[in-house]
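*Asks:* here is a sequence with its predicted model. Questions after.
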Amino acid sequence: MKKKRKRKIFFRLLTALLIFAAAFCMVRFRPYVVLSGSMEPALKVGGIVWTDLKKKDASVGEIITFQKDGRIVTHRVAGKTDGGYLTRGDANEEADPGFVAADEVIGTAAFYVPYLGFGVVWTQKYMFQLSGGVLVILLIVFFMPEKQKGKKKKMKDGKEQNL
């Protein structure tokens, strides 16, 4: 009984910690799925690049995520001037046309997780069904009544009685 209760408390605390960590990460970091091969081999298609939203000033050689003409792009800084950043995808032979202004930079790439983006794209496609399923599971876990196993006492006549 005590072991199950400790386990249940542990999983509730772990769930709360994971929710808190995810919320914290979303404030500081934002994930972007790599949809093209312009940054291969550094960032492969289907991976996720986590962009640090607090670090917008980049040096030559760093990878930045920026919004240009309504598109979000993640490319490496090939040059830096007063007019902005000159960017280029690692797999591209030429630099991107024009400069990326400082106010167009979303942030710098903090880390990259390969292949996880395929799952994210699938999840976005089926978000309603997935979120409903997760909600049902969480409700079951948190509000499921705990089975109470009563202690049994053996009576003098050989029968057992629940306490």
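*Replies:* In hand now; what should we look at? Residues are numbered from 1 along each chain as shown.
*Asks:* contacting residues around Pro31?
*Replies:* Pro31 is in contact with 48-51, 120, counting by Cβ atoms under 8 Å, 6 or more residues apart in numbering. Backbone N, C-alpha and C define where each C-beta goes, glycine included.
*Asks:* top of these by number of neighbours, please.
*Replies:* Compared across the contacts of Pro31, Thr51 has the highest neighbour count, 26 neighbours, by other Cβ atoms under 10 Å.
*Asks:* which of the contacts of Pro31 fall in strands?
*Replies:* Among the contacts of Pro31, the members falling in strands are 48-51 (criterion: DSSP state E).
*Asks:* can you report how many residues lie near the nearest residue to Asn92 once chain neighbours are set aside?
*Replies:* Spatial nearest neighbour of Asn92, chain neighbours left out: Ser38 (5.6 Å); criterion: Cβ to Cβ, 6 or more residues apart in numbering. Neighbours of Ser38 under the rule other Cβ under 10 Å: 18.
*Asks:* quick one on the thing from earlier: just put the ones in strands among the contacts of Pro31 in CSV and tack on distance to Glu62 and pLDDT.
*Replies:* Compiled in CSV, the ones in strands among the contacts of Pro31 are given as follows (distance: Cβ to Cβ, whole Å; pLDDT from 0 to 100):
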residue, distance to Glu62, pLDDT
Ile48, 18, 91
Val49, 12, 94
Trp50, 14, 90
Thr51, 11, 94
